[in-house]
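[1] Need coordinates for the below:
(4 chains)
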Number of protein chains: 2
Amino acid sequence: MRRDVFQAIADPTRREILSMIANQSLNLNAVAEKFEISRPAISKHIKILSECGLIVIKQKGRERYCEAKLQKLNEVSAWVEQYKVFWTKKLDALESFLAKETASANKRKPIKTSKK
Amino acid sequence: MRRDVFQAIADPTRREILSMIANQSLNLNAVAEKFEISRPAISKHIKILSECGLIVIKQKGRERYCEAKLQKLNEVSAWVEQYKVFWTKKLDALESFLAKETASANKRKPIKTSKK
DNA sequence: TATATTTGTAACCGATCAGTTACACAATTT
DNA sequence: AAATTGTGTAACTGATCGGTTACAAATATA
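    Sure thing, here's the model as predicted:
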């Protein structure tokens, strides 16, 4: 069974769970209440999230509070950031192309370049 | 059938395909050659990637070149960046705690803070 | 024209996924 | 002590996933 962060965040319900508990820990029932699906289904999602380290469970009496541990998202961040240059590079190229095109037409007002 | 960027990048083979063609377009066979799995399997992965807009296929004669269109990764980037504050905040808090703790002990050399 | 090459796709397979219902069990409340 | 609450888990289901083999079709080459 593959259990990594990329797989964990692939499911929209799990992403929603993360957004719910990012700011405040919630117990399992509190999480489940906000979804249409059953409590055991949520329980399974929580299990997956905790197995890959995105949340930790703090037992308090009979309740189990889900606390977000978003550090693991760093793995996703690092992966996606390595490619950012590819799409921003293209946008920069488009930007400079448009700037040049506009300059040669030299009647319209120049495009505001965002950086440098 | 759910077909979004999060689901597309959940599979390690698809992430590897993206890394292969990020810099250079490759035809399907060239991609398939570098993997253990069969050509039809790669063909399916390519289809998924193109269906969610991460690559485009340029037909040249009988060959089909896969060109990465990584702009769509922006969606993932935006999602993960919104949470960056949560884990960097905690790290900063830990950092300042350690700095303070070290200062009060004031014999060990201070921790090098990365920014500001 | 016959043959190679590059590819898509259909049909199938076993594993996993995301959900369900039903039940068990421990902690809390009455 | 009895009832309620919060949760885990087993057993099941249908859908999807990631792979395969086998075949078809279009382009390129001999």
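[2] Next, the contact list for the residue lying closest to A:Ile42 once chain neighbours are set aside, please.
    Distance criterion C-beta to C-beta, 6 or more residues apart in numbering or on different chains; nearest residue to A:Ile42, sequence neighbours excluded, is A:Ala32 at 4.1 Å. (Each C-beta comes from the backbone N, C-alpha and C, glycine too.) Listed by C-beta atoms under 8 Å, 6 or more residues apart in numbering or on different chains, the contact partners of A:Ala32 are A:38-39, A:42-43.
[3] and if we set it to 10 Å?
    By C-beta atoms under 10 Å, 6 or more residues apart in numbering or on different chains, the contact list for A:Ala32 reads A:17, A:26, A:38-43, A:45-46.
[4] next one: A:Asn29
    Contacts of A:Asn29 (C-beta under 10 Å, 6+ apart): A:39, A:42-43, A:63-64.
[5] helix or strand for it, which one?
    helix A:28-33 (DSSP states H and E).
[6] Next one: that helix, is it in contact with DNA strand D?
    Yes - using C-beta under 7 Å from any atom of the strand, helix A:28-33 reaches DNA strand D at A:28-30.
[7] low-scoring stretches of chain A, by residue?
    A:89-116 (pLDDT under 70).
[8] Sketch out the helices for it, chain order is fine.
    Using DSSP state H, the helices assigned to chain A run over residues A:5-8, A:12-21, A:28-33, A:39-51, A:73-105.
[9] just those helices: most buried one?
    helix A:5-8 (a mean of 20; mean count of other C-beta atoms under 10 Å in any protein chain shown).
[10] can I assume A:Asn23 is in contact with B:Gln82?
    No - A:Asn23 sits out of contact with B:Gln82 when judged by C-beta atoms under 10 Å, with a separation of 11.8 Å.
[11] can I get the helices of chain A in a markdown table with distance to B:Ala10?
    Shown next, in a markdown table, are the helices of chain A (distance: least, C-beta to C-beta, whole Å):
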| stretch | distance to B:Ala10 |
| --- | --- |
| helix A:5-8 | 5 |
| helix A:12-21 | 11 |
| helix A:28-33 | 22 |
| helix A:39-51 | 12 |
| helix A:73-105 | 11 |
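[12] Out of those helices, which is closest to B:Phe86?
    For the helices of chain A, the distance to B:Phe86 is smallest for helix A:73-105, at 8.5 Å, taking C-beta to C-beta.
[13] Name the residues of chain A found near DNA strand C, please.
    So chain A meets DNA strand C at A:1-2, A:7, A:10-11, A:13, A:36-38, A:40-41, A:44-45, A:48, A:61-62 (C-beta under 7 Å from any atom of the strand).
[14] quick revisit: for chain B, state which of the residues of helix A:28-33 next to DNA strand D is nearest.
    Chain B has its nearest neighbour among those in A:Ala30, at 19.2 Å by C-beta to the nearest C-beta.
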